[in-house]
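Trainee: fold the following.
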Amino acid sequence: MNKFKETIDKIELQEGERRKMLNNILNNEKEPNYKPKPFVLKFAIFIVGFILLSGSCYALVKIFKFDEHFKWLFDKNDEELEQAGVQGTDVAVTKEFDDIVVTINQTILDETEVYIMASIQKKTENFDLEDSFLSPGKTFNEKVMDEVYMLDYCHTDINFGCVSKGTAGQDESNIMFDFSVDKEIKDSQDVVLRLVSKNKYYDIPFTIYKNDMKNKTIDVNKVVYNKNDVIATLKTIKLTPFRVIFIMDYNKDPNSISEKIAEDISLDVFNDSADGHNFITFNDGSTMELKVWGQTLTQVESEFGESASQIVDIDTIKSFTINNNVIEIK
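Mentor: Numbers count the residues shown, from 1 in each chain. Sure thing, here's the model as predicted:
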């Protein structure tokens, strides 16, 4: 409702334009000196302005409802997800094959991950989901699969799922596909979801859109490691309801840091041993252990909680403790 109000508050019309639009709407046949009551005038301008911005009267009453399967997986209802700042996009794309019917119901896209809620209706028992891939473009780029099977998946900028890829299902017919986003998506991206079953491919093209997800970016610039002639500085923390992302900087080229020192940094800074010295503190005093991971030393991330199925209202986070360094979140 706040964004709805903000949209309305941005409507600016000159007084003459307001009167003209109002007269057209009300089809006023009263005497020329008739003046509508302020409430009527304001409400009419509100309606016209919103229709002009949205392009549809339907937008006035449509309320986004999260996929039931997504709510089941994350154990949240619509109100809790909205409170946490999670947003999604309805897709409703269905493609029928000779043995299955696949419907892409919704997508939810945060900073580094895209969640795809789909349903699969089997026509026969021959279908058995073995693998899934996501390719940019209107047709599937075969290089995506080539690089996976050549174990060269992370050396390209065309793929999704380089860092993480998986599925979660309440049953065989409702599945959430989870792919990392390995390069920036602007406002939208045409993609093709490929399902694999017994060497048979099922390609479903659709579009993913960036969601207006609650997020925070905190400039930190705090040294969190200073040993072995290596100084590691936590530059930035990025937060979404799904994850925390650390942007790191070093006093030397990260590629020149030895494997032994990199392991020490992973233990001290990234909590690789999970011994509890890295954690999140919430406003109510509760804490959550934080173990981050990544393919490089310069950007690492962690989902909230011990499993991927946890969503946090980032406004409830008070501080991070990283290698005994307390970082307040304001």
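Trainee: strands of the stretch 201-330 of the chain, residue ranges please.
Mentor: 216-227, 230-239, 243-250, 279-282, 287-289, 299-303, 317-322, 325-328 (DSSP state E, counting those that start in this stretch).
Trainee: residue 277 against residue 323, yeah?
Mentor: Yes: counting by C-beta atoms under 8 Å, residue 323 is a contact partner of residue 277 at 6.6 Å. Backbone N, C-alpha and C define where each C-beta goes, glycine included.
Trainee: list residues touching both of these two?
Mentor: Common neighbours of residue 277 and residue 323, using C-beta atoms under 8 Å, 6 or more residues apart in numbering, are residue 268.
Trainee: show me where pLDDT drops low in this structure?
Mentor: Counting by pLDDT under 70, the chain has low-confidence residues at 1-63, 149-158, 295, 306-309.
Trainee: need the residue closest to the centroid of it.
Mentor: A centroid search over the chain (C-alpha atoms, centre = their mean) returns residue 110, at 1.5 Å, as the residue closest to the centre.
Trainee: wait, what's in contact with that residue?
Mentor: Residue 110 is in contact with 211, 213, 215, 240-243, counting by C-beta under 8 Å, 6+ apart.
Trainee: check the secondary structure at residue 87 for me.
Mentor: Three states are possible here, and by DSSP: H, G, I helix; E, B strand; the rest coil the one that applies to residue 87 is coil.
Trainee: for the closest residue to it other than its chain neighbours, grab the count of nearby residues.
Mentor: Among residues not flanking residue 87 along the chain, residue 211 sits closest, at 4.0 Å (C-beta to C-beta, 6 or more residues apart in numbering). Using other C-beta atoms under 10 Å, residue 211 is surrounded by 18 other residues.
Trainee: one more: the one 3 residues further on?
Mentor: Burial of residue 214, expressed as a neighbour count using other C-beta under 10 Å, amounts to 18.
Trainee: who are the contact partners of it?
Mentor: Contacts were defined as C-beta under 8 Å, 6+ apart; by that measure residue 214 touches 84-86, 240-241, 313-315.
Trainee: and if we set it to 10 Å?
Mentor: 82-87, 110, 239-241, 313-315 (C-beta atoms under 10 Å, 6 or more residues apart in numbering).
Trainee: are any of those residues buried, and which?
Mentor: The neighbour-count criterion (16 or more other C-beta atoms under 10 Å) marks 82-87, 110, 239-241, 313-314 among the contacts of residue 214 as buried.
Trainee: would TSV of those residues with distance to residue 146 be doable?
Mentor: Formatted as TSV, these follow (distance: C-beta to C-beta, whole Å):
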residue	distance to residue 146
82	41
83	43
84	38
85	38
86	34
87	34
110	28
239	36
240	31
241	35
313	41
314	38
